[in-house]
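# Need coordinates for the following:
(chains A and B)
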Amino acid sequence: MARLSHTSLWMFMVFLFSSYCTAKTVTYDFNVTWVTANPDGLKERKVIGVNNQWPLPVIEVNRGDQLVVNMHNGLGDKNASIHFHGMYQNGTNEMDGPVMVTQCPVPPGATFTYNFTVNQNGTYWYHCHADYCYPDGYRQALIVHDNKSYFADQYEEEFTVTVSDWYHELIEGIAPDFLSVYNPTGAEPIPQSFLFNDTLNSNLKVKPNTTYLIRLINIGAFVAQYFYIEGHNFTIVEVDGVYTEPTEAEILYIAIAQRYAILLTTKNTTDTNYPIVTIADSVLLDKIPSDLKLNQTNWLEYNAEAPHPQADITVEVASDLNPHDDMTLIPHDHMPLLPDPDYTITLTVNMENLDNGASYALLNNISYTPAKVPTIFSVLSSGSLATNSLVYGEFTHPLVLNHNDVVEVILNNNDGGSHPFHLHGHTFQLLDRAPSYGPTFYDYKDGSPVSYDAFNHTAFPQYPMRRDTFVLPPQGYFVIRFVADNPGVWMFHCHIDWHLSQGLGLLFIESPQQMQERLTIPQNHLDVCRVGGIPTEGNAAANSVDYLDLKGQNAQVGWLPAGFTSGGIVALVFSVVSAVMGVAFLVVYGLSDLKFKGKGGGVVEGSQGEGAGKEVGSTTVREAYRDNGDEVR
Amino acid sequence: MSNVFAPSVFFIVFREVLESVIIISVLLSFLKQCLGQPDQDQTIYKRLVRQVWFGTLAGVLVCLIIGGAFIGAFYGVGKDIWSQSEDLWEGIFYLIATVIITFMGLALLRINKMKEKWRLKIAHSLVDKAKHHSAKSWLGAWGKRNALFILPFITTLREGVEAVVFVGGVSLGLPAAQFPLPVVTGLLAGVLIGYLIYRGGNVLSIQIFLIASTSVLYLIAAGMFSKAVWSLQFHAFAKKVGSDVAETGSGPGSYDINQSVWHVNCCNPLIDNGWDVFYALLGWQNSATYGSVISYNVYWIGIMMAVACLLYEERTGSLPLKNRILATLAKVPGLKGWAKKKQDVSAEHAAEVVRQGQVHLAGGVFDRSDSSSLEDIRQTEK
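The predicted structure is shown next:
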């Protein structure tokens, strides 16, 4: 459990006594260490714990609070960081958390302080944003309470529910086999189980005739999950921190990193309990091991004595379920469709094998490769060159956005998998997506990819829904818009952790000049870089003299050679020459056989070649014939 | 075409049939020379010729039965096992096939020498029969009387079974549909060429045909050797990848880039039409590995060295170290007999044995039930 500091404890007391909370500082001291846990009852494994506890503490703050997290990396063998997923971090880009983007990785033994104001509300989560880190357990809910929300007086109590996939091995153990020449299709490792609040078969204790707010978060690394409660409908009131018009729904599809808050009114009876059903989207799985339990049943427990029936799954595959389409939601604030974009970015997702044989993810043929200097430091140290995207290197895929531009991103998917794309520092308007959720979602999966056509698309909604993580359909596309009003380096990436490690991401360098004006990096952050030996100025290649000289920058693996390389031609020519020479040898050898003709070929005509032998032979034959003649007769 | 015609099968059948035909023709020549002269008794001659033909046919018949059973068992039992890890088996089978072809192939270029060899062998066996089988033994007597049945019988049987085993070995990986045509055509070609040789046709053009077919045979063998290495490597790769390697067709991910020398995303012999002919004849791979390229070249270098040694031996009589090695080997207990035999055979000796064989044959040793003893023959010779 998190040790709340004195201040925050004191603040917490204040909060208890005064229902109106004014801005306060909430401090968490996280000592990040390895602990063991066995959440699915199948295997005890090493997980990343905080203050020797796992599951991790839920971070809870109120809107307007100052959140301070002092993270000490006590793992000993692994870098770490924290990304507060969904936090806008306006003015505090350096607190966002992705390593080599807005900070240096926090090496073992170092302490890193996150300190920012939470000017938003709703359901979020936090997780490690270093390489191969958060699926080892370093992820938990972050709740920003808001007692002024439009539905604040409609519920009595709230629950937070996390769903997650779960691996039995350390991610760093699985990863080498994933990004490998022996995994040419880039098949993602199959999880061993699916957790509900980091456990299984649990109960949410409810009273009859009562309304609850349930916050749902998929804190997994790979697999989206369907969610429904048998016998109950519910009302969606928030998505990714954005309040929605209350919308009745039956089934939700919660992709990795997505959140929903729902209002649920319980029934009037307590004679039975109702299964809360979560079903993993098995379409994402390359193969389904026989011992993998895709459906989980937890219960809305009206009465502990009453039966706890198992979920009655009526569909053959999860994709037969028809989830509520998040495109159709309307934001409660009725923020209208943003005007035509100042900057339109068209991106295409591809999965390809590069020169080492492993499968990589590419956005417009770039597989995200971190720079040698965290990109935020490149922005801050490059002066007037900061608006030049060359500074940030080719393979961080930097896209420089002008301050307050309306940016439209068209994302086409040439890959047969779905990708939950997440934009740091923003929520974005959902303008279009094809195919839409529901029975048609996988329609393009097996055909050829369908790209967005700007001149022929469905009408954009008047009040587009906004969220920070949006699912790109298999071989389909989506279109989003946002205003570049948040100076910072913001990552836009697929939140499937495997795909991020394959490079499915890019960087928006948003308002670099405003960044230089507004941001100051705390000394603590720079110290951490020094401990890790990572430069804090210079371009992507750590060149702080000539910012446009990218020699030595980190680069993605090269392209597969197409067809015959020079080596291949040499090999082929060599082979042909040896074959020709070999045949020549055979011909010479074959022709030299003719000399035996003189000796042996005479058999038919009588053995003239054998001189004395023949004569003796012939005479004997005749003699013998004479002898035999008598005897045979 | 290559869906129904396996060139390697054709050449093996052709080669075995040719060898059988040559042996039989040598036998017939023996007979004609010793007993078939116009001034000799045609009845005995004809009876013996008939014996030869009966033996031949009986051998072919038995071998057909054995072969049928063999191939039947092969496809009945084996296919299930092999389909499990196809590439592994394919690699092993190709390796077997290469070894078989390599060792039998060069002999095809020594048809004339082969005839000499068989003359010697037949003579040997005639002498042996006369020497060792005492008339008192019923079987021995029968064997002696019917030597000219037994010899071709054994010969065709042996060559036939050899063909079946070789064809089996070479074609383990092939579908059954690729068999019949090359077997039949190989048979016909073998008989035809054998007959032409017997009739003493145009020696040069026959030899050119043999050279051409041997060259093709070795091209196939080199391709097979390369393919064997390729298959074994691919098996190792596919095993590590798991089941999905087949999903990727011939594109990226369908091969191990670390081993790749060239890879073209086309011309896959297993998928694209036309390229399977190159594959069957020359061992073409759209995805060559270090292993497959190096093994192909090494194979040819090996063949060139072997041919060079053989030519050297023929020209100078022996290889530089041969006698010394044989002398050493002769001291090794197990190999003594074999090495002695190798040491013994010399040209003069060979001529002597052939002569003796003719003597025995002409002497009617194999024609009568009571023995004319070896001593008698020896005396006659003196």
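# can you give me the mean pLDDT across stretch A:534-554?
In this model, stretch A:534-554 has a mean pLDDT of 94.
# so how far is stretch B:296-308 from its chain's centroid?
Averaging C-alpha coordinates over stretch B:296-308 and over its chain gives two centres that are 19 Å apart (Cα atoms, centre = their mean, to the nearest Å).
# Not counting its neighbours along the chain, what's nearest A:Val277?
Excluding the flanking residues, the one nearest A:Val277 by Cβ to Cβ, 6 or more residues apart in numbering or on different chains is A:Ala311, at 4.3 Å. Every C-beta, even on glycine, is put in place using the N, C-alpha and C of the backbone.
# Return the residues in contact with the one you found.
A:230, A:275, A:277, A:295-297 (Cβ atoms under 8 Å, 6 or more residues apart in numbering or on different chains).
# Out of those residues, which comes closest to chain B?
A:Asn295 (25.1 Å; Cβ to the nearest Cβ).
# Show me what the residue lying closest to the closest one once chain neighbours are set aside is bridged to.
By the measure of Cβ to Cβ, 6+ apart, the closest residue to A:Asn295 outside its immediate chain neighbours is A:Ile279, 4.9 Å from it. A:Ile279 has these beta-bridge partners by DSSP bridges: A:Tyr226, A:Asn295.
# Can you check the pLDDT for A:Ile279?
The model reports A:Ile279 with a pLDDT of 95.
# B:Gly72 and A:Leu142: what is the separation?
72 Å (Cβ to Cβ, to the nearest Å).
# And A:Ile256, how far from A:Thr102?
21 Å.
# Compare neighbour counts for the two and give me the winner.
A:Thr102 (31 against 26; other Cβ atoms under 10 Å in any protein chain shown).
# contacting residues around the more buried one?
A:Thr102 touches A:93-96, A:374-376, A:488-489, counting by Cβ under 8 Å, 6+ apart.
# For PyMOL, what selects the buried ones among those residues?
Typed into PyMOL, the line below selects the buried ones among the contacts of A:Thr102, using 16 or more other Cβ atoms under 10 Å in any protein chain shown:
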select buried, chain A and resi 93+94+95+96+374+375+376+488+489
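# Let's see which of the contacts of A:Thr102 end up in strands.
Secondary-structure check on the contacts of A:Thr102 using DSSP state E: residues within strands are A:488-489.
# Return the closest of the contacts of A:Thr102 with respect to A:Ser290.
Closest approach to A:Ser290 among those (Cβ to Cβ): A:Asp96, at 41.5 Å.
# Adding neighbour count as columns, could you present the contacts of A:Ala311 in CSV?
Listed next are those as CSV, based on neighbours: other Cβ atoms under 10 Å in any protein chain shown:
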residue, neighbour count
A:Glu230, 16
A:Pro275, 21
A:Val277, 21
A:Asn295, 18
A:Gln296, 22
A:Thr297, 21
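# Residue nearest the middle of the chain, spatially speaking?
The chain I'm using is chain A. What sits nearest the mean C-alpha location of chain A, by Cα atoms, centre = their mean, is A:Ile496, with 1.7 Å.
# let's do chain B instead
Compute the mean C-alpha point of chain B, and by Cα atoms, centre = their mean the closest residue is B:Met104, 4.5 Å away.
# Is that one in contact with B:Arg15, as I believe?
Yes. B:Met104 lies in contact with B:Arg15 (Cβ atoms under 8 Å); the separation is 6.2 Å.
# Quick one: the strands in chain B, in order.
B:260-263, B:287-289.
# Look at A:Leu195 and give its secondary structure.
Per DSSP: H, G, I helix; E, B strand; the rest coil, the local secondary structure of A:Leu195 is strand.
# and A:Ile509, how many neighbours does it have?
Count around A:Ile509 with other Cβ under 10 Å applied: 26.
# er, B:Pro180 I mean
Neighbours of B:Pro180 under the rule other Cβ under 10 Å: 12.
# ditto for A:Asp320
10.
# before we move on, back to that, show me the contacts for the residue nearest to the centre of chain A.
By Cβ under 8 Å, 6+ apart, the contact set of A:Ile496 is A:188, A:221-222, A:256, A:419-420, A:504.
# ok, 10 Å please
A:Ile496 makes contact with A:188, A:220-224, A:255-257, A:284, A:361, A:417-422, A:502, A:504, according to Cβ atoms under 10 Å, 6 or more residues apart in numbering or on different chains.
# Contact partners for the nearest residue in space to A:Ile509 that is not next to it in sequence?
In this structure, A:Ile509 finds its nearest non-sequential neighbour in A:Val400, 4.6 Å apart by Cβ to Cβ, 6+ apart. Contact partners of A:Val400, counting by Cβ under 10 Å, 6+ apart, are A:343, A:379, A:386-392, A:484, A:507-512.
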